[in-house]
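Enquirer: give me the fold of what follows.
(2 chains)
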Amino acid sequence: MKTLTNIELAQLLRKMAASYQMLGENRFKIIAYERAADSIEHLTSEAKDYWDDGKLGDIPSVGAGIAYYLDELFRSGHARHFDDVMKRIPEAVFPLLLIPGIGPKKAYRLVKEFGFGSSKTVVSELEAAARDGKIASMEGFGDKSEDVILSSIALYKKGAIKENRMELPLADTIAQDVMTYLMKLKEVEAIDVLGSLRRHVATIGDIDIAAATKKPELVIAHFVQYPHEKLIDEGPRGASILLHSGRQVDLRVSDPRSYGAMLQYFTGSKNHNIKLRSYALEQGLSLSEHGIKYMGKIQNSKLKGQNYNAKLKTYQFDTEESFYKAIGLPWIAPELREDKGEIDFALRGSLPNLVELSDIRGDLHIHTNYDLSSSHDLGADPLTVYLDRAMELGYAYIGISDHNPSVTKHSVSQIVDIMKRRKGYYEHQYSSWTQKVSKNKSTDRHPELFIMCEVDIQPDGALALPEKAFDYVDAVVVSIHSSFTQSKDVMTKRVITALIAHPKVRIFGHPTGRLLTKREGVEIDWNEIFTVCKDRNIALEINAHPQRLDLPDTIVYDARKEGIRFCINTDSHAVSQMDMMRYGVSVARRGWCQKDDIINSLEYTEFRKWLKRS
DNA sequence: GCCGTTTTCGGCCCGACTGTTTTCAGTCG
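Expert: Numbers count the residues shown, from 1 in each chain, chains lettered A, B, ... in the order given. Sure thing, here's the model as predicted:
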């Protein structure tokens, strides 16, 4: 039987939710399935592992009912109840759910009406029906809905499907461009990104931007002049455009007096907001993007002094801080707003003091253009260029972690020789560089250098660097670069073998090996890895490379609870990539890391002690 | 169907927008 991944389970549960919606089931049952899907999708370990331990019911939002069906699914590959429900739904409805503006009810009606049979052809068949004017005559539909379906399909074909996400740095770059453009207007009093982008999630759907202004019409008119492919929507509160890149940007404007409430509302996450509103409701407070309505009879003292909008019967908040304060909470950093208990921590006043980019003192995973005959990519720039940049960044140290020399092309003694020559070369380069900077600059402070190596973990767990070559490095990062699809048991043993192979193994590089939107991470028993890392005092890397962001934040969160420490590195293959450090810091923050959890926040002397185990 | 520092029953976050309608259903974030 094929093992079901969390993503596949989540998709299955969402299909169940959609099916129930089409069948007119109780709406709370639908919500329950959606919540279970969300919960499983955000799980840090596989649901299958919960099942192995007989603990499916421990998964939040999975109760006795769904646990029973999932159990059957894991045992036999089928859940009769799921099959029975979905048997009543034509398969052709499901692709339609990915088209903007089409939900379960509409999809179901359209498929029933026209008898679309195949999920492969349904989108083009629907397009043809709309072209022929066959939709406008359906009850509940009209000319306008027909147009909307046509333009939605066009969007869908351009890639604007509901699940098409982009990597964080790309979204960040696009958003910065648009915000720079918007800020040219002096009427824009404040501007921020919203949603998953503000929470620094690894992949982003739409780009949402908030602006505070007393002249909304002016700001919106300016926004829709930004170069775009298509104006999707324009109204009094904002507008949406589709860029030439196929990416959607939404602008929302708000009066400065209620900007804080709007910012809070649209930053999400959905689950954070749901939890927050439930909590507020217990105090008789109803939250919305406009502010807070008081439902109780006795005056609530926390709302005193807030601006009151009589028309909306709502108290307004210009900042998020004042909004949270009115519910009795301190401000919660956006990265924490994922319903992982942050509201309880906020209540107890024990939110983590999150690590900042400025806490980072060095970057330990950098590839130079020194050719040591590796089977992997070299970097693009020489050591001295990285050193210059490290100095500008104010780093106390950097580590050069080139890939090990190819083990298939060289003998052991050749590899040892290559590593020895490399060490000599770097030491010489570094020494002349330090002399140069001491002469030119007023300060004698400059980054220290660690000569390291990124060593392949071979399929059997052996390190791709012979014992004698370790004499020529300060420490190594070990990483998986091949055989990603080994079974969980084999992979776990493989990595543990590598981690304990040599005392100079200090960092486990991009541990899951995932490539965002391209390749899933490896299957591995994280608890066993955590145990070994803790015993051997090895750091897990948080790789800041835009395509990796690896470890994923959810696993960082779990590892941190076990007392594991992390090293945030850029894995730079060119000097410009050293600036990606901030994305790694975002991952750490989403994993609730404080400065102490990050090994490369240590100053040089302390870090050196850690790295060299002395 | 899930869930519980007052509850094992009776609740379940909130509002905007749209289109097709005279009060609402569907979709979205």
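Enquirer: so what's the most centrally placed residue in chain A up against?
Expert: Chain A has A:Ala202 as the residue nearest its centroid, 2.1 Å off, counting by C-alpha atoms, centre = their mean. A:Ala202 is in contact with A:167-168, A:516, A:549, A:552-553, A:587, counting by C-beta atoms under 8 Å, 6 or more residues apart in numbering. The way it works is simple: take the backbone N, C-alpha and C, and place the C-beta from them, glycine included.
Enquirer: rerun at 6 Å
Expert: A:168, A:549 (C-beta atoms under 6 Å, 6 or more residues apart in numbering).
Enquirer: any stretches of the stretch 501-614 of chain A with poor pLDDT?
Expert: Across the stretch 501-614 of chain A, nothing is flagged by pLDDT under 70.
Enquirer: any idea which helix or strand carries A:Tyr20?
Expert: If you go by DSSP states H and E, A:Tyr20 is part of helix A:6-22.
Enquirer: what's the answer for A:Thr408, then?
Expert: Counting by DSSP H and E, A:Thr408 is part of no helix or strand.
Enquirer: give the closest residue to it in space, chain neighbours not counted.
Expert: A:Ser375 (7.2 Å; C-beta to C-beta, 6 or more residues apart in numbering).
Enquirer: just to check, that neighbour is in contact with A:Pro405?
Expert: No. Look at A:Ser375 against A:Pro405 with C-beta atoms under 6 Å: they stay out of range, at 8.4 Å.
Enquirer: buried sites along the helix or strand hosting A:Leu150?
Expert: Assigned by DSSP H and E, A:Leu150 belongs to helix A:143-157. By neighbour count on 16 or more other C-beta atoms under 10 Å, the buried set for helix A:143-157 is A:145-146, A:148-149, A:152-153, A:155-156.
Enquirer: any chance of those in CSV, with pLDDT and distance to A:Met578 too?
Expert: Output for the buried residues of helix A:143-157, formatted as CSV (pLDDT from 0 to 100; distance: C-beta to C-beta, whole Å):
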residue, pLDDT, distance to A:Met578
A:Ser145, 85, 51
A:Glu146, 88, 52
A:Val148, 84, 46
A:Ile149, 87, 48
A:Ser152, 83, 42
A:Ile153, 86, 43
A:Leu155, 75, 37
A:Tyr156, 79, 39
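Enquirer: check those against DNA strand B, which are close?
Expert: A:145-146, A:148 (C-beta under 7 Å from any atom of the strand).
Enquirer: just name the closest of the residues you listed to DNA strand B, please.
Expert: A:Ser145 (3.7 Å; C-beta to the nearest atom of the strand).
Enquirer: what's the burial count for the residue lying closest to the closest one once chain neighbours are set aside?
Expert: Counting by C-beta to C-beta, 6+ apart, A:Ser145 lies nearest to A:Ile135, which is 6.5 Å off, once chain neighbours are set aside. Neighbour count for A:Ile135, taken as other C-beta atoms under 10 Å: 22.
Enquirer: pull the longest strand from chain A.
Expert: The longest strand of chain A (DSSP state E) is strand A:448-456.
Enquirer: immediately after it, which helix or strand?
Expert: Using DSSP H and E, the next helix or strand after strand A:448-456 towards the C-terminus is strand A:475-479.
Enquirer: could you give me the buried positions within the longest helix anywhere in chain A?
Expert: Taking DSSP state H as the criterion, chain A has its longest helix at helix A:412-440. Of the residues in helix A:412-440, those with enough neighbours to count as buried (16+ other C-beta under 10 Å) are A:415-419, A:422-423, A:426, A:429-430, A:433-434, A:437.
Enquirer: pull the distance from it to the chain's centre.
Expert: 38 Å (C-alpha atoms, centre = their mean, to the nearest Å).
Enquirer: over to stretch A:496-513?
Expert: 24 Å.
Enquirer: contacts for it?
Expert: By C-beta under 6 Å, 6+ apart, the surrounding residues in contact with stretch A:496-513 are A:454, A:457, A:461, A:463, A:470, A:475-480, A:484, A:521-522, A:532, A:538-541, A:543, A:548, A:550-551, A:567, A:611.
Enquirer: list the buried ones in that stretch?
Expert: Neighbour counts over stretch A:496-513 (16+ other C-beta under 10 Å) mark A:496-499, A:501-502, A:504-513 as buried.
Enquirer: cool, and stretch A:185-204?
Expert: Buried residues in stretch A:185-204 (16+ other C-beta under 10 Å): A:185, A:187-202, A:204.
Enquirer: again with stretch A:26-42
Expert: In stretch A:26-42, counting by 16+ other C-beta under 10 Å, buried: A:30, A:32-42.
Enquirer: do stretch A:466-475 as well
Expert: Applying 16+ other C-beta under 10 Å to stretch A:466-475 flags A:466, A:469-470, A:472-475 as buried.
Enquirer: which of those are close to DNA strand B?
Expert: By C-beta under 7 Å from any atom of the strand, no member of those lies near DNA strand B.
Enquirer: run through the bridge partners of whichever residue of the stretch 151-300 of chain A sits closest to DNA strand B.
Expert: Of all residues in the stretch 151-300 of chain A, A:Ser288 sits closest to DNA strand B, at 3.5 Å by C-beta to the nearest atom of the strand. A:Ser288 forms beta bridges with A:Gly291, as assigned by DSSP bridges.
Enquirer: that one: neighbouring residues, count only.
Expert: With other C-beta under 10 Å as criterion, A:Ser288 counts 14.
Enquirer: enumerate the residues of the stretch 201-350 of chain A near DNA strand B.
Expert: For the stretch 201-350 of chain A, the residues found near DNA strand B under the criterion C-beta under 7 Å from any atom of the strand are A:206, A:208, A:233, A:235-237, A:266, A:270, A:273-274, A:277-278, A:281, A:286-290, A:293.
Enquirer: for PyMOL, what selects the buried ones among those residues?
Expert: In PyMOL, this line selects whichever of those come out buried by 16+ other C-beta under 10 Å:
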select buried, chain A and resi 206+208+266+273+277+287+290+293
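Enquirer: name the residues that touch stretch A:176-191?
Expert: A:211-213, A:215, A:218-219, A:222, A:226, A:249, A:256.
Enquirer: oops, could you answer that again for stretch A:529-548 instead?
Expert: Residues outside stretch A:529-548 that contact it (C-beta under 6 Å, 6+ apart) are A:167, A:169, A:496, A:499, A:507-511, A:515-516, A:550-551, A:559, A:562, A:564-571, A:580-581, A:583-584, A:587-588, A:599.
Enquirer: filter those residues down to the ones in helices?
Expert: Per DSSP H, helices hold the following members of the contacts of stretch A:529-548: A:169, A:496, A:499, A:559, A:581, A:583-584, A:587-588.
Enquirer: mind putting the residues you listed into CSV with distance to A:Glu46?
Expert: Formatted as CSV, the ones in helices among the contacts of stretch A:529-548 follow (distance: C-beta to C-beta, whole Å):
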residue, distance to A:Glu46
A:Pro169, 28
A:Ile496, 19
A:Leu499, 22
A:Ala559, 16
A:Met581, 31
A:Tyr583, 26
A:Gly584, 25
A:Val587, 21
A:Ala588, 23
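Enquirer: which among the residues you listed end up buried?
Expert: Buried positions within those, assessed by neighbour count (16+ other C-beta under 10 Å), are A:169, A:496, A:499, A:559, A:581, A:583-584, A:587-588.
Enquirer: roughly how far out does the host helix or strand of A:Ile191 sit from the chain middle?
Expert: Here A:Ile191 sits within strand A:190-193, counting by DSSP H and E. For strand A:190-193, the gap between its own C-alpha mean and the chain's C-alpha mean amounts to 20 Å (C-alpha atoms, centre = their mean).
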